[in-house]
Structures are given as structure tokens and as C-alpha cells.
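Participant: mind looking at a prediction? Sequence and model below.
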Amino acid sequence: DTAVSQTPKYLVTQMGNDKSIKCEQNLGHDTMYWYKQDSKKFLKIMFSYNNKELIINETVPNRFSPKSPDKAHLNLHINSLELGDSAVYFCASSPKTTYRTYEQYFGPGTRLTVT
Amino acid sequence: AQKITQTQPGMFVQEKEAVTLDCTYDTSDPSYGLFWYKQPSSGEMIFLIYQGSYDQQNATEGRYSLNFQKARKSANLVISASQLGDSAMYFCAMRVFSGSARQLTFGSGTQLTVLP
């Protein structure tokens, strides 16, 4: 029943480790996103994929690598984790848009804590 | 580039009263959409309401309405008859419809507390 799901919901790890966050949507949407919400609650786009192709890559360190094996999945892999990577990461998806199609559907978020 | 400004970091409202959360935006694109999302303490992002730049009427969804003033570039959220469950962080966001980019640009949010 879940529209956009993320795993894990919580991730606690040590500096220097490599970790992945998985995202899946069952809405048939063709665009998926990763957003980062920092400790001050500010939300910012990281990546956007459209039909498995990278559309947006904001100024994100290259330790972050998104991977989209198919339209329904967009995973986020993070190498050499740093303390500053601690945040909540949201996956989202949206349908192919006409002017009137608009809503982005968000996953529940993954709270990453780097110690 | 798009920019969203929410100037109220925190707001308090008495239960059953109405409250307005401010949002101003900046874009040179003539075609855009404005969104409000609610984030309760549990963390999920809940879509509330949408307003398109060409929509003639202000959007309404139940107790939520959007006061869209295009010339002033403002898109304030009005919550009528506040309830305790409305206590949450509220984000204003925008996307433009030109090009292939579909991401949302968010404001810094307003923490609303409803008092009993």
C-alpha cells in the first residue's frame, strides 16, 4: 500500500563507513528525488532522476552517488561518511507533469546519524 | 534561480482561531507552482495545498486556503479553526515548469504551535 518507501528509517554509523539508503515507489512515477534535511530543518534537493537518467546533481560531494536500477527505485550510496552527513534524507517521486500535475510524494525519511 | 522566504520561524495560535503563515517567493519563470507541506514531529512530509501561477482563484483544501497575491509574489497559508493536531513545521515550496527540472525549492519553514 505504501507509495514511497525508504529503508532503513534510522541509520547510525561511524565516520568513514560506507552506507546505502534504498527508496522505492509503487506509483508508476517517472521522476524520483533525494532531498536532505539538515539539523535546522532546511530541505534541499540533492539529486533528481527522470526515467533512470540523472537530471539534477546539486553541489553535493561526490561521496554521494545515486543509483537508479529502474524507474521505481532510486538508491543513495554514501562513501566515507562524515559527521556533517548527519541529517534526514527524504526520497520523493512525482509523475510526468503537465501543468496541472504537481504533487511530489515523499517517503518517510531516513535519519542518518554519523558518530 | 528560485527562492522561497518564510520570515516567521515560530508562530503561536489559540485553538479554534485562524492563523496565517507567510511565504514570499522569487522567480523569473512565468509558469510555476506553489506548495505547502506540513511536517509533524513524527517527521513525514504531508502535502497540504497547491497553487498554480495561472490559477485565477485562490486554492482551498478543507481548513487550508492559500492567499495568492501574484503581484506581491506572496503565497500565504491560512489555517482556519486551528486544532491541536496542526502543531507542526510548515514549509512553503515552489517549482517552475520550464525545462526538465521538477524539484521543489523549499523555504526555511515555520514552526506552528497551537495552544489549548
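Facilitator: Nice, thanks for sending it over.
Participant: please make it C-alpha for all contacts and neighbour counts, starting now.
Facilitator: Will do.
Participant: the spatially closest residue to B:Pro40 that is not a sequence neighbour: neighbouring residues, count only.
Facilitator: Excluding its sequence neighbours, the residue lying closest to B:Pro40 (CA to CA, 6 or more residues apart in numbering or on different chains) is B:Ala88, at 4.4 Å. The local packing of B:Ala88 (other CA atoms under 10 Å in any protein chain shown) involves 19 other residues.
Participant: and if you look at B:Asp22?
Facilitator: Neighbours of B:Asp22 (other CA under 10 Å): 18.
Participant: strands of chain A, start to end?
Facilitator: Counting by DSSP state E, chain A has strands at residues A:4-7, A:10-13, A:19-25, A:31-37, A:43-50, A:53-57, A:64-70, A:73-78, A:87-94, A:105-106, A:110-114.
Participant: which strands and helices sit next to the helix or strand in which B:Phe68 is found?
Facilitator: Assigned by DSSP states H and E, B:Phe68 belongs to strand B:64-69. For strand B:64-69, the packing partners by 3 or more CA pairs under 8 Å, 6 or more residues apart in numbering or on different chains; DSSP states H and E come out as strand B:46-52, strand B:74-79.
Participant: which one of those lies nearest to B:Cys23?
Facilitator: strand B:74-79 (5.1 Å; CA to CA).
Participant: what packs against the closest one?
Facilitator: Right, strand B:74-79 is packed against strand B:19-21, strand B:24-26, strand B:64-69 by 3+ CA pairs under 8 Å, 6+ apart.
Participant: what lines up beside the first one in the sheet?
Facilitator: Taking DSSP bridges as the criterion, strand B:19-21 pairs within the sheet with strand B:74-79 (antiparallel).
Participant: ok, then the element right after the strand it pairs with?
Facilitator: strand B:88-96.
Participant: now do that next one against strand B:74-79, angle only.
Facilitator: Strand B:88-96 runs at 150 degrees relative to strand B:74-79, counting by axes from the mean of the first three to the mean of the last three CA atoms, to 10 degrees.
Participant: Throw the helices and strands packed on strand B:74-79 into a markdown table and include mean neighbour count, thanks.
Facilitator: Formatted as a markdown table, those follow (neighbours: other CA atoms under 10 Å in any protein chain shown):
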| stretch | mean neighbour count |
| --- | --- |
| strand B:19-21 | 20 |
| strand B:24-26 | 18 |
| strand B:64-69 | 20 |
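Participant: do you know the pLDDT at B:Tyr64?
Facilitator: Looking at B:Tyr64, its pLDDT is 97.
Participant: residue ranges with poor pLDDT in chain B?
Facilitator: Low-confidence regions of chain B, defined here as pLDDT under 70, cover residues B:100-101.
Participant: what residues does it have near chain A?
Facilitator: B:33, B:43-47, B:50, B:52, B:97, B:100-109 (CA under 8 Å from any CA of the partner chain).
Participant: same thing but 6 Å
Facilitator: B:Glu44, B:Ser108 (CA under 6 Å from any CA of the partner chain).
Participant: which secondary structure elements does the worst-scoring helix or strand of chain A on mean pLDDT sit against?
Facilitator: Every helix and strand in chain A was compared by mean pLDDT, DSSP states H and E; the lowest is strand A:53-57, with a mean of 77. Where contact means 3 or more CA pairs under 6 Å, 6 or more residues apart in numbering or on different chains; DSSP states H and E, strand A:53-57 is packed against strand A:43-50.
Participant: output the strand it packs on as CSV, nothing but the C-alphas.
Facilitator: C-alpha atoms of strand A:43-50 as CSV (Å, rounded to 0.1, in the frame of the first residue of the first chain):
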residue,chain,number,x,y,z
LEU,A,43,15.3,21.0,3.0
LYS,A,44,17.4,21.0,-0.1
ILE,A,45,17.4,19.0,-3.3
MET,A,46,20.3,16.7,-3.9
PHE,A,47,19.5,14.6,-6.9
SER,A,48,16.7,14.1,-9.4
TYR,A,49,16.3,11.2,-11.8
ASN,A,50,13.9,11.0,-14.7
